[in-house]
Structures are given as structure tokens and as C-alpha cells.
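S.K.: generate coordinates for the sequence data below:
(4 chains)
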There are 2 protein chains.
Amino acid sequence: MSTPTNAVDRLLDDGSGRRPRADARRNVERLVAAAREAAGEVGAEITAHEIARRAGVGVGTFYRRVSSLEMLLEAVLEEVLGEIVEKGDQGLADPDPWTGFETFATAYIRLRNELCDINEALGNTLGNARSELRDRIRLLVERAQDAGAIRPDIAWEDVAFLLVGVSTGDHTIGLRAGGRQWERNLQIMLDGLRTSTPAPLPGEPPLHVHPQTGPSPVERTLTEVLAEGSANSAEEKADSTS
Amino acid sequence: MSTPTNAVDRLLDDGSGRRPRADARRNVERLVAAAREAAGEVGAEITAHEIARRAGVGVGTFYRRVSSLEMLLEAVLEEVLGEIVEKGDQGLADPDPWTGFETFATAYIRLRNELCDINEALGNTLGNARSELRDRIRLLVERAQDAGAIRPDIAWEDVAFLLVGVSTGDHTIGLRAGGRQWERNLQIMLDGLRTSTPAPLPGEPPLHVHPQTGPSPVERTLTEVLAEGSANSAEEKADSTS
DNA sequence: TTAAAATGGAGGGTAAGCGTCCGCTTATGG
DNA sequence: CCATAAGCGGACGCTTACCCTCCATTTTAA
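M.R.: Numbering: from 1, shown residues only, chains lettered A, B, ... in the order given. Down below sits the predicted model:
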């Protein structure tokens, strides 16, 4: 009980042991909430003024309650990472390895969207929690592979990379998804990971689904495509007919 | 022939119609190459000084050859987008819809990695090329769906989002892939998209592949997981036993 | 009621990037 | 070979953006 476990308490603990005034605590809570929200929306280039504005407090208050912007972000990041690791443990506790993995993956992405890239922004201050997270991912993947639910030619790092991509892919070339695109991305990725057949996609399609006409199987691996690609990588310039 | 088609010629064209000196042309070429390379590595927050340094020229030269940093980035972006669209046309020319799609997807990600997020950085200056790109993706996906190669419950926008995610996911929680992770991401995504069975993964695994022991099928959809997740979204706090 | 605690926002200090200026160098055509 | 216009480099000034402090005023709570 002497070491506060959540961001708010840690930030309020100035070492004097005195109980802070009510408005002080209220403002710290607002600041942490605002920082978490802002981090998810704006990303790493969030400013102290912006957080203070969202929290409805002045900049002065910001810096009295929080020793620095970096401190606040670090506290928030650690808090969220803790929640993610906890989700990993919940997944490992699930008797069904695939379900456990799936549950974790879902929660992970949802939480990761809150952090956005704050993570990378403030460097390697959290080596400990990060290695804990890596452990959970590795265990979840390997357990599902042992159970035959995830294809065996995958490394757990592949999954880590894919999960990032899933949460990142929600806007491109003028297209912008409504914040739940990651759910569809995730399902498609899961279908690529698993050994059994595809599951139905969650949510609504971004715009429309193309009406299907007829079937016809095909076979060629990406490895072959890549080989071709590097074979004719010599540039060719031909005038295109408009 | 009056309107130069590549970035170098466009930047050299100062309207006077005079042929530029040899060193001037050489430096523009270096600048464009450096900008393309730097854009891929550093991303959107690239600086004029950095590009000049990589090109081995002074800042003065940079600004004489290139009216502004924005102009250079725009020229590079347009050039790369043009190449991508061309790859799309090549894919559409392929008689096999799946192969055509696969070829395009590969080339697209490879080129997209060069742009990184310059794209978003300088706003909507390229609405035209972007809509052309969208067209190619839509046609490629729908054609493959008509042929029965891509699962029918997918919208072409899903594919656009997924392709971004695939190229983005190459570093996370202290893990960093060697630049070819996207190939593995892509194959797994393709396996999730297609109607037939998974293909072998390209390249080497990031670190190791977990030795498999035994099989056991499982079934649960992400939709169900999501429903559960939002059901017990009420926070629970319990002291963890260290 | 009153003093300690807290608040807010103007403003100083700093860092970083953009683009210019000008003295020196180099290509090029006669 | 030489004259000259074109080109080169990088120091430097300007602007912008952000971090954090200071202090007159307000709020809490004993």
C-alpha cells in the first residue's frame, strides 16, 4: 500500500505523506484521463497545453501536479501496459488456447490504440513491462500452436508485428475508417494465422461488399512472386498511352 | 514531351528552356534519390538539411534546385504513386485474377514503404493519383472475388486498410524486424483473404519457430469475443499476488 | 475566519527548421 | 586556354512551437 499502483496515486505522491486537497486530486484525475484520451487521438506529438486544455485546467496546474510532460506520459503508458499484461494473464488462464489468444489479441489492440505511439516516443523507459508483454504474447502463441490452432510455421514475433499492423491500418489514400476497422483487420489476420477455416467478419463493411459471381481456384505463393519481382527489378520506362 | 514525366525533369524545368549544366542535373538526381530514400527511412519529419546531407550537397544547392522542401516531396510522392498505379495496371493485365492481385499487393507495399507517411504529411495535393490508385485496388479485388479467389464477405476498402497495416507492422514493443517482415505479414494476410488453403511463409522467421506437438480444432468468432469484451467492460481492480 | 494550498495564464527561454546571401568554384563555348 | 555565366556550400537570421515558471487571485478546510 506504500507504493501506489495507478498513475493518479503515483503522481499525487509528493513524498510528504500529506493527503492532498480535494481539488488537487480531482485535477490530477482529469489530467491523467485527458492524457490518455489525447494520446489515443493525437499520438506522440501531444503537447502539455493540449492536455491541460482538454482537462479543463490551466498550464500552471498541469506543471504543479505533474513534474513534467514526460512524467505524465510515462505514468499513463505504464498504467496501460499493466492493463495489457493483465489481459495476457487472463488469456493464459483460459482453458482453450485459441480462445485465450483471441481474447488477448482483441484487448491488446483496443488498448494499444489508446497508447498510439507514445510508446516509441519516450524511448526505452519501460523495458521491464515490455518484456513482460513479450512473454505473454510468446506463451499465448506457442500454447495455441501446441494445441494445433495456430499454423506451425509462424514465429510469435510474427504475431507481434501483425498485431501492430492491424491496429495501425485504419486510414490510407484518402480512405478513413470509423474507428472499428481494426476489428475486421484482426479477423482477417486471425484467419490467416489459424489452421481451420475462416470465420465471418465482424461489423459492417467499410462501404459495400462486391456481389460474387463464380469460383475458380488458383495457386501461387508469395515467395514465387517475390522471386519474380526481384528478377525483373531492372527499371523499364515506356510511354504510357495516356 | 513538353511536360516532363519524372520528378528530376520537372524540377529541372525552370521555364527558360535552356539546358542545365551537367553538375546541376547530377545534383537534382542525387536530391531526388536522397529524398526518396530518406522518406522511406525517416518518414514525414524529414528536413531539408538532412536530405541535402544525404545527397552530398549543400543547403544552398538544395534550395536553388528545388523551390521548396514541399515541392520536392510532392514531386517524389507523385513519381512513386505513378509507379504504383502502373503496377496496378500490370496486375489487371494478368489473366489470373488472384495472381494479378498478389503481384500488385507485393509491389504496392514495397513502394509504399518508400513513401512512408509523406503521403499524409502534405495533405491532399494528389487527389487525382490517389483516386486512380483506389480504382486499381477496387478492380483487382472485385475481379479476384468474381473468380472466387478472394472471400466474398470482404470489401475492397478492407484490403486497402490491411495493406497499410502490413507495411506498417515491422517494429513494436522493443522488437524490430530487418526490413523484410512485411513479406511475412503480407502472406499471412493473403491467407486470411483467400478462399483456399494457406501458402508457405516467405523468408526466415524473425527469430525462431515454436516446435509443434499436437492438434486440436477450436471454434469461436471474433464477433463473439467482441460482444463479451463490451459486456464486461466495467473495470475490475484486484491486487495481483506479485 | 484565516492561512495554507491550489489555480490559471502571461511570458521568458530554448530548440529546431526553413530559406537567403554571398564569396568561392567549376563547367563550357569560343 | 581563357572568360564568364552558372553553380556551389554553409553560416546565419527569422519564425514557429513548445516547455516550464512566476505570482496575483481564488478555493479549501481546520
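
S.K.: what residues does chain A put near DNA strand D?
M.R.: A:21-23, A:45, A:47-49, A:59-60, A:63-64, A:68-70 (C-beta under 7 Å from any atom of the strand). (Each C-beta comes from the backbone N, C-alpha and C, glycine too.)

S.K.: could you rerun that using 10 Å?
M.R.: A:18-26, A:42, A:45-52, A:58-64, A:66-73 (C-beta under 10 Å from any atom of the strand).

S.K.: could you pick out the buried ones from those?
M.R.: A:25, A:46, A:48, A:51-52, A:61-62, A:66, A:69, A:72-73 (16 or more other C-beta atoms under 10 Å in any protein chain shown).

S.K.: now the residues you listed in a markdown table, with distance to A:Thr168?
M.R.: Converted to a markdown table, these look like this (distance: C-beta to C-beta, whole Å):
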| residue | distance to A:Thr168 |
| --- | --- |
| A:Arg25 | 36 |
| A:Ile46 | 18 |
| A:Ala48 | 26 |
| A:Ile51 | 23 |
| A:Ala52 | 28 |
| A:Thr61 | 34 |
| A:Phe62 | 30 |
| A:Val66 | 29 |
| A:Leu69 | 24 |
| A:Leu72 | 24 |
| A:Leu73 | 20 |
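
S.K.: just send those back as a markdown table, with secondary structure and pLDDT too.
M.R.: Formatted as a markdown table, these follow (DSSP: H, G, I helix; E, B strand; the rest coil; pLDDT from 0 to 100):
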| residue | secondary structure | pLDDT |
| --- | --- | --- |
| A:Arg25 | helix | 94 |
| A:Ile46 | coil | 91 |
| A:Ala48 | helix | 95 |
| A:Ile51 | helix | 96 |
| A:Ala52 | helix | 96 |
| A:Thr61 | helix | 96 |
| A:Phe62 | helix | 96 |
| A:Val66 | coil | 93 |
| A:Leu69 | helix | 91 |
| A:Leu72 | helix | 91 |
| A:Leu73 | helix | 90 |
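
S.K.: now, the most widely separated pair of these?
M.R.: Using C-beta to C-beta, the two most remote members of these are A:Arg25 and A:Ile46, lying 22.7 Å apart.

S.K.: gap between the nearest residue to A:Arg143 once chain neighbours are set aside and A:Thr106?
M.R.: Distance criterion C-beta to C-beta, 6 or more residues apart in numbering or on different chains; nearest residue to A:Arg143, sequence neighbours excluded, is A:Pro97 at 4.4 Å. Applying C-beta to C-beta, to the nearest Å, the value for A:Pro97 to A:Thr106 is 15 Å.

S.K.: could you do A:Tyr63 as well?
M.R.: From A:Tyr63 to A:Thr106 the distance is 37 Å (C-beta to C-beta).

S.K.: any chance you could map the helices in chain A?
M.R.: In chain A, the segments counted as helices under DSSP state H are A:7-12, A:22-42, A:48-55, A:59-65, A:69-93, A:97-115, A:118-121, A:127-146, A:156-168, A:181-193, A:222-231.

S.K.: who does the third one touch, helix- and strand-wise?
M.R.: Other helices and strands packing on helix A:48-55, by 3 or more C-beta pairs under 8 Å, 6 or more residues apart in numbering or on different chains; DSSP states H and E, are helix A:22-42, helix A:59-65, helix A:69-93.

S.K.: same question for the longest one.
M.R.: Using 3+ C-beta pairs under 8 Å, 6+ apart as the contact criterion, the elements in contact with helix A:69-93 are helix A:7-12, helix A:22-42, helix A:48-55, helix A:97-115, helix A:118-121, helix A:127-146.

S.K.: got any ranges where chain A has weak pLDDT?
M.R.: Counting by pLDDT under 70, chain A contains low-confidence ranges at A:1-5, A:116-117, A:119-127, A:196-242.
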